[in-house]
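> how would this look folded up:
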Amino acid sequence: MTDTLVSETETTDLDAFRTRVRAFLTEHATGLKIEGADPRSDQSVAGARAFQKKLAAAGLAGLTFPKEYGGQGLSRQYDRVYREEYGSFPDMAGQLTISHGMCLPVLTEFGSDEQKAKFLPRNITGEDLWCQMFSEPGAGSDVASLQTRAVRDGDEWIVNGQKVWTTLAHQSEYGILIARTDPDQPKHRGISMFIVDMKAPGVEVRPIHQIDGGKHFNEVFFNDLRIPADWQVGPLNEGWRLATAMLMYERVAIGTGSSSGVSHLWTDRLIEVARKQGRLSDPIVRQDLMKVYCEETAKSLVSMRTRAEMKAGKAPGPGGSLGKLHGAIIARKIREFGLALQGPSSVAWDADQAAGGNWSRTMLTTFSANIAGGTDEIQRNIIGDRVLGLPREPAVDTHLPFRELRVGTQKD
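Next up, the predicted model:
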């Protein structure tokens, strides 16, 4: 059985699998039940975990991951079928995107056998939630300028520093951290990757109050945090290579979503709003709807190509930035159009007009699409440099030891 050639037997198996998936989703993918506001995402995370637990019990979780680590050991053809079916149902596991779309594949690719045996099974089932700790106050778009330090002390690493914009850190049991382990090397070297117990002494999580009223992101402070030496992921001082791979997985996860095929969920939602407002025949509204539809279709096609490359055995590459950038462009297009279409209730609503408040919060949330996972400018640089082959931007600090740079808040 291969991912590129599908036998008649596997076709039959895939048809049976599709029926099985559809039956499961019909019963369990009924939408997350959220009562009132969920500023800390407590209800949505709990709902995602509960759904994932049922998915695992049904033998449908971790389809392409090895059986010895809690997966099903199936080909990507099965993953494609699952995504095709899942796209017709409410998204139940969006809060697991970082855990499953970023941390899980990085641990699978770079983790030791012991790390995979210990951490992958509970990640796959949703029992453990994972976060990603890359960005810092002085190292956002230029993550390689990070200053969080890890110093070896016998069989442990001692970590001090700060991370920011860490999604779901307050909900996570574990996280992936990159920290500087050799400041005498240039900034893209001398960085290593670690697994962090988010409940360990020395880890302090502080919520960030967001414009949409939520507290989804966090600051994370490390004060003499001790990490076991065998929780280092990959080779020492090669963390930037691993972090780059994780960022590629991140952009694929954000840019391709949880479903497969051509998807236009925003267009469908906006059409419903236009219909309720009696404006579906307005030529200007129809033109704006078509613009969103075209962007969503283009994004879907890019996502299908990216997943086809992964199915053929290729690791995620810079092309993942295309889907991520498309998503940010869509978010920007729907913001003004959506608010104008919804009307005054999108910014001021009565207690019984919950839809207006929900729509307003959704529109405010779209601002993060142009930042999360790398800003639009960074994505365009990656596409220009690594996809189109254009000349790179000049860099004067490529070969200088990090301790000689004056980046962010570094003073010595």
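
> Distance of Arg241 relative to Ser300?
30 Å (Cβ to Cβ, to the nearest Å). Backbone N, C-alpha and C define where each C-beta goes, glycine included.

> wait, I meant Gly202
Between Gly202 and Ser300 the computed distance is 44 Å (Cβ to Cβ).

> When these two are compared, which one has more neighbours?
Neighbours were tallied for Gly202 and for Ser300 using other Cβ atoms under 10 Å; the higher tally belongs to Ser300 (21 against 16).

> Counting by contacts, list what whatever helix or strand the more buried one lives in packs against.
Ser300 is part of helix 283-311, with elements assigned from DSSP states H and E. Judged by 3 or more Cβ pairs under 8 Å, 6 or more residues apart in numbering; DSSP states H and E, the packing partners of helix 283-311 are helix 76-86, helix 239-256, helix 265-276, helix 320-342.

> Mind giving me the packing neighbours of the following helix or strand past the shortest one?
This points to helix 76-86. Tracing the chain past helix 76-86, the next element assigned as helix or strand by DSSP H and E is helix 97-98. Contacts defined by 3+ Cβ pairs under 8 Å, 6+ apart place helix 97-98 against strand 130-133, helix 239-256.

> that older thread, please identify the deepest-packed of the helices and strands packed on helix 283-311.
helix 239-256 (a mean of 23; mean count of other Cβ atoms under 10 Å).

> would you list the helices and strands packed on helix 283-311 in TSV and tack on mean pLDDT?
Conversion of the helices and strands packed on helix 283-311 to TSV gives the following (pLDDT from 0 to 100):
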stretch	mean pLDDT
helix 76-86	91
helix 239-256	82
helix 265-276	90
helix 320-342	86
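
> can you tell which of those helices is closest to Pro207?
For Pro207, the closest of these is helix 239-256, at 21.8 Å, according to Cβ to Cβ.

> before we move on, the earlier item: output the helices and strands packed on helix 283-311 as a markdown table; include the columns distance to Ile158.
Shown next, in a markdown table, are these (distance: least, Cβ to Cβ, whole Å):
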| stretch | distance to Ile158 |
| --- | --- |
| helix 76-86 | 40 |
| helix 239-256 | 16 |
| helix 265-276 | 46 |
| helix 320-342 | 34 |
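
> for the ones you listed, which one sits closest to Leu107?
In this view, the helices and strands packed on helix 283-311 are compared for proximity to Leu107 by Cβ to Cβ, and helix 239-256 is the closest at 9.7 Å.

> The closest one vs helix 320-342, what angle?
For helix 239-256 against helix 320-342, the angle by axes from the mean of the first three to the mean of the last three Cα atoms, to 10 degrees is 40 degrees.

> The stretch 101-250 of the chain: helices as residue ranges?
Counting by DSSP state H, counting those that start in this stretch, the stretch 101-250 of the chain forms helices over residues 104-110, 113-125, 239-256, given from the N-terminal end onward.

> Redo the ones you listed as CSV? Include distance to Asn381.
Rendered in CSV, the data for the helices of the stretch 101-250 of the chain read as follows (distance: least, Cβ to Cβ, whole Å):
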stretch, distance to Asn381
helix 104-110, 23
helix 113-125, 32
helix 239-256, 13
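
> Looking at those, spot the one closest to Ile329.
Each of those was scored for nearness to Ile329 using Cβ to Cβ, and the closest is helix 239-256 (11.3 Å).

> relative orientation of the closest one and helix 283-311 in degrees?
Going by the same axes, to 10 degrees, helix 239-256 makes 140 degrees with helix 283-311.
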